[in-house]
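Chemist: structure, please.
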Amino acid sequence: MLTQDIRNSLIDATDLNQLKWDLNRLQPVDVGEYITQLPEKQRAIAFRLLNKAQAIDVFEYLPTEVQEELINSLHNIEVVQLVEAMSPDERAELFDELPAGVIKRLLQELSPEQRQATATILGYPEGTAGRVMTTEYVRLREGLTVGEALSKIRRQDEDKETIYYAYVTDDNRTLVRVVSLRQLLFTFPDVLIRDIASNRVLKVRTETPQEEVAQIMKRYDLIAIPVVDREDRLVGIITIDDVIDILEEEATEDIQKLAGVSGDEAALSPPQVTIRKRLPWLLGIMGLYIGAASAIAPFQSVIAAVPVLAVIMPIFSNTGGTVGIQALTVTIRGLGVGEVTPRDTLKILRKELFAGFGTAIALSVTMFLLSLIWAHPQERWVALVAGLVMATNTIVAVTLGTLLPMGLKRLKLDPALVSGPLVTTMLDTIGFLTFLTLISIALKVFHLPT
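Modeler: Numbers count the residues shown, from 1 in each chain. So this is what the prediction gives:
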């Protein structure tokens, strides 16, 4: 990362020659971070100070919005050189954000090989292995010797995404074996590849969801994993750097959904972007809360007769919602990292209910005592109802927080679709309706004082 001294010297630099020297000696990822933080009008100036090799490396570390911005500010020949040098998967990610006209122009300028590689990746649905794979990998034929394989790698494969593994295919490109670079280096040159390569190949299909790919690679500590089509033909690989991006993307998406925030909003997004991303959710949440408000509306006379209810009800709302979000977050996280599956629903629910009963007792007693403190002497009977409903609402909360994401996962939907505001609103509606109904019944049946 940039040190503070270097960062300050770059920001305050007036000597472009010195700035050029500084930028070209730093790591590409650090230069990318620096350029991203510059004001929009200065980014192209800083980028033009990079030598060709550094510019190509730095470009892949820039956010897609900055890449698009530079494409619009650079000459066509510079843009083509940058895009041509990108790995196919990074290029496909960039093209996802560009206008159709720009994509068409850039595709026409690419070499036939790179154009075909990019079109292949863009042809797969978003969120699948095919969309995040790269077509740059080392492929060997079974009949080669180790010496011939190493010679081929030296001659043709210097720009491949990774050479830690080489993938062995037959004449139809069907993936049959995998061999590591370590095996090749420590084996005699005249030994056949088929004699040292392993036929126990972990692979994924092009339609495999990207989060499933990430879990497989995490489980087996893989640096790369091959991607095959439905005929088991090798079409690409997914590398560990792609998996890190996938895990970050999935975690960000889940966190944003739980909080009721639209995806792709960053901490430094412009205010207009923040408004556009958040306002639809907020309006939707207001619509949801109409349900909770509708549960309260018929009981206005009950609340007027027992004023302490106005003090107690916010505690129901906040506590029940928090209990539900806790269970929801733990369940979604477990599903996200592959710790649990829908087959574990009963096991998880049993654990949550045991914990929920203990929590319910503690919350119920606390609610009872607080209600006694706040209620007038003639209203203290409300404390019994409040404690009972608090316990019930807690059990309902952990049940919903567990079953809703498990149910969505079983239906092959994203469990994070169950957002925190949705669960909170459901619990508010159930809790308020139960609590006020019991209070109303008690007032009518037992003629209790108010």
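Chemist: from now on I want contacts and neighbour counts done on CA atoms only, so please keep to that.
Modeler: Fine.
Chemist: tell me how many other residues crowd residue 359.
Modeler: 15 (other C-alpha atoms under 10 Å).
Chemist: now do the one 4 residues further on
Modeler: Other residues within reach of residue 363, judged by other C-alpha under 10 Å, total 19.
Chemist: show me how far the strand or helix carrying residue 53 is from its chain's centre.
Modeler: Using DSSP states H and E, residue 53 sits within helix 52-59. Centroid separation between helix 52-59 and its chain, computed with C-alpha atoms, centre = their mean, to the nearest Å, is 28 Å.
Chemist: could you give the average pLDDT over the helix or strand hosting residue 33?
Modeler: Element membership of residue 33, judged by DSSP H and E, is helix 28-37. Averaging pLDDT along helix 28-37 gives 90.
Chemist: CA atoms only for that helix, dumped as CSV, please.
Modeler: Provided in CSV are the C-alpha atoms of helix 28-37 (Å, rounded to 0.1, in the frame of the first residue of the first chain):
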residue,chain,number,x,y,z
PRO,A,28,0.1,-1.5,-9.9
VAL,A,29,-2.5,-2.0,-7.2
ASP,A,30,-1.3,1.0,-5.2
VAL,A,31,-1.2,3.2,-8.3
GLY,A,32,-4.8,2.1,-9.1
GLU,A,33,-5.9,3.1,-5.6
TYR,A,34,-4.1,6.5,-5.9
ILE,A,35,-5.7,7.2,-9.3
THR,A,36,-9.2,6.2,-8.1
GLN,A,37,-8.9,8.7,-5.2
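Chemist: tell me the helix or strand right after it.
Modeler: Next element after helix 28-37 (DSSP H and E): helix 40-48.
Chemist: in whichever strand or helix holds residue 304, what's buried?
Modeler: Here residue 304, judged by DSSP H and E, is contained in helix 300-305. Within helix 300-305, the residues that count as buried by 16 or more other C-alpha atoms under 10 Å are 302, 303.
Chemist: what's in contact with that helix?
Modeler: For helix 300-305, the external contacting residues (C-alpha atoms under 8 Å, 6 or more residues apart in numbering) are 309, 310, 436, 439, 440, 450.
Chemist: if we ignore the residues flanking it in sequence, what's nearest the spatially most central residue of the chain?
Modeler: When the chain is reduced to its mean C-alpha position, the nearest residue by C-alpha atoms, centre = their mean turns out to be residue 250, at 1.4 Å. Excluding its sequence neighbours, the residue lying closest to residue 250 (C-alpha to C-alpha, 6 or more residues apart in numbering) is residue 211, at 7.3 Å.
Chemist: quick one: mean pLDDT for stretch 191-211?
Modeler: Stretch 191-211 comes out at a mean pLDDT of 93.
Chemist: coming back round to it: show me what the helix or strand hosting the residue nearest to the centre of the chain is packed up against.
Modeler: Assigned by DSSP H and E, residue 250 belongs to helix 240-259. Packed against helix 240-259 by the contact rule (3 or more C-alpha pairs under 8 Å, 6 or more residues apart in numbering; DSSP states H and E) you find helix 210-220, helix 420-446.
Chemist: after it, next one along is what?
Modeler: Next along the chain after helix 240-259, taking DSSP H and E as the criterion, comes helix 271-296.
Chemist: quick one, that next one and helix 420-446 angle?
Modeler: Interaxial angle of helix 271-296 relative to helix 420-446 (axes from the mean of the first three to the mean of the last three C-alpha atoms, to 10 degrees): 20 degrees.
Chemist: give the burial count for the closest residue to residue 51 other than its chain neighbours, as a bare number.
Modeler: For residue 51, ignoring the flanking residues on the chain, the nearest one in space by C-alpha to C-alpha, 6+ apart is residue 24 at 6.9 Å. Counted with other C-alpha under 10 Å, residues neighbouring residue 24 total 18.
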